[in-house]
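**Student:** predicted structure and sequence below. I'll ask about it afterward.
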Amino acid sequence: MYFQKAITHKSVITDSKNDISNERLEFLGDAILDAVVAEHLFLKFPENDEGYLTKLKSKIVNRKTLSDIGENMEIRLVLNYNKTRTINVSTLEGNAFEAIVGAIYLDGGYDKAKQSLNNYVFRKYLNFNKLLEEEIDFKSKLFIWCQRKKLNLDFVVVKEHHENGQWNYEIKVVINHKEFGRGIGLSKKTAEQEAAKQTLQLIGEI
């Protein structure tokens, strides 16, 4: 019964009572998903603060990521919705995915829901490393690493020039007077991030 509800969108409900659609299960699944992802990040990044973890979690449980998961799982093949109406099916799939998480929780408990997410959904349909790499502030991560080891860190502009109506910057990382990674970008911030990323790769931190 829970799983039938999880794939039933309110657009096909004719009864005034909306309890048989997946909206309540979606609400529950959202909370369970939030908890499982939070625990995963808490264990994966033991040295990072609450703000950093919150930023990463929001990247993983946002609408686009959930819709992508639902689409990759092909939830639309079993989704019960009104096909005569103009509806963003990808969004419905993301909502239904959360509802299915809620259904798994009600059927088997939190540990079962966590196991299903970690061992099946995340492993098969979510590239954690790619998502985290897109979101990680490499410059901040390098600063934290240098502070921990009491090293002096500087970002030095190697070159800046204006060409075809835009600025280009080349920046290098210098740690304790030793040069490490370099980065090029259309802004100093972009070039610094690239230089920091290359440095973290050189020192084996990513």
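**Tutor:** Perfect, I can see it now.

**Student:** just give me the residue closest to the centre of this structure.
**Tutor:** For the chain, the residue nearest the mean C-alpha position is I60 (2.4 Å; CA atoms, centre = their mean).

**Student:** domain ranges for this structure?
**Tutor:** 2-135, 138-202 (automatic domain parsing).

**Student:** what's the first helix or strand after the least confident helix or strand in the chain by mean pLDDT?
**Tutor:** Across the helices and strands of the chain, mean pLDDT, DSSP states H and E gives its lowest value to helix 128-135, namely a mean of 68. Tracing the chain past helix 128-135, the next element assigned as helix or strand by DSSP states H and E is helix 138-148.

**Student:** for that following helix, buried residues please.
**Tutor:** F138, K139, K141, L142, I144, W145, C146 (16 or more other CB atoms under 10 Å). Where you see a C-beta, it was placed from the backbone N, CA and C, and this is true even at glycine.

**Student:** W167 should be in a strand, yeah?
**Tutor:** Yes. Counting by DSSP: H, G, I helix; E, B strand; the rest coil, W167 falls inside a strand.

**Student:** oh, and call the first residue 46 from now on, that's how I've got it
**Tutor:** Done: numbering now begins at 46, and the last item shifts to W212.

**Student:** any low-confidence regions in the protein?
**Tutor:** In the predicted model of the chain, residues 60-64, 174, 177-181 satisfy pLDDT under 70.

**Student:** show me the helices in it, by range?
**Tutor:** 47-51, 68-89, 95-105, 108-117, 134-153, 155-161, 167-170, 173-180, 183-193, 233-247 (DSSP state H).

**Student:** next, format the ones you listed as CSV and append distance to N221.
**Tutor:** Supplementary listing: the helices of the chain in CSV, determined by distance: least, CB to CB, whole Å:
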stretch, distance to N221
helix 47-51, 56
helix 68-89, 29
helix 95-105, 25
helix 108-117, 39
helix 134-153, 47
helix 155-161, 43
helix 167-170, 39
helix 173-180, 27
helix 183-193, 9
helix 233-247, 12
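
**Student:** for V82, what are its contacts?
**Tutor:** V82 is in contact with K102, I105, V106, counting by CB atoms under 8 Å, 6 or more residues apart in numbering.

**Student:** distance to N125 added to these, as a markdown table?
**Tutor:** As requested, the contacts of V82 are exported to a markdown table (distance: CB to CB, whole Å):
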| residue | distance to N125 |
| --- | --- |
| K102 | 30 |
| I105 | 27 |
| V106 | 24 |
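
**Student:** of those residues, closest to E239?
**Tutor:** I105 (23.6 Å; CB to CB).

**Student:** without its sequence neighbours, what residue ends up closest to the closest one?
**Tutor:** V82 (5.3 Å; CB to CB, 6 or more residues apart in numbering).

**Student:** what of G226?
**Tutor:** Per CB to CB, 6+ apart, closest to G226 is Q243, 2.9 Å.

**Student:** what about the one you found, neighbour count?
**Tutor:** For Q243, the count of nearby residues is 18 (other CB atoms under 10 Å).

**Student:** right, and it touches G228 too?
**Tutor:** Yes. Q243 lies in contact with G228 (CB atoms under 8 Å); the separation is 6.4 Å.

**Student:** burial measure for the residue lying closest to S135 once chain neighbours are set aside, as a count.
**Tutor:** Of all residues beyond its chain neighbours, the one nearest S135 is S112 (4.5 Å), with distances taken as CB to CB, 6+ apart. Counted by other CB under 10 Å, the residues lying close to S112 total 20.
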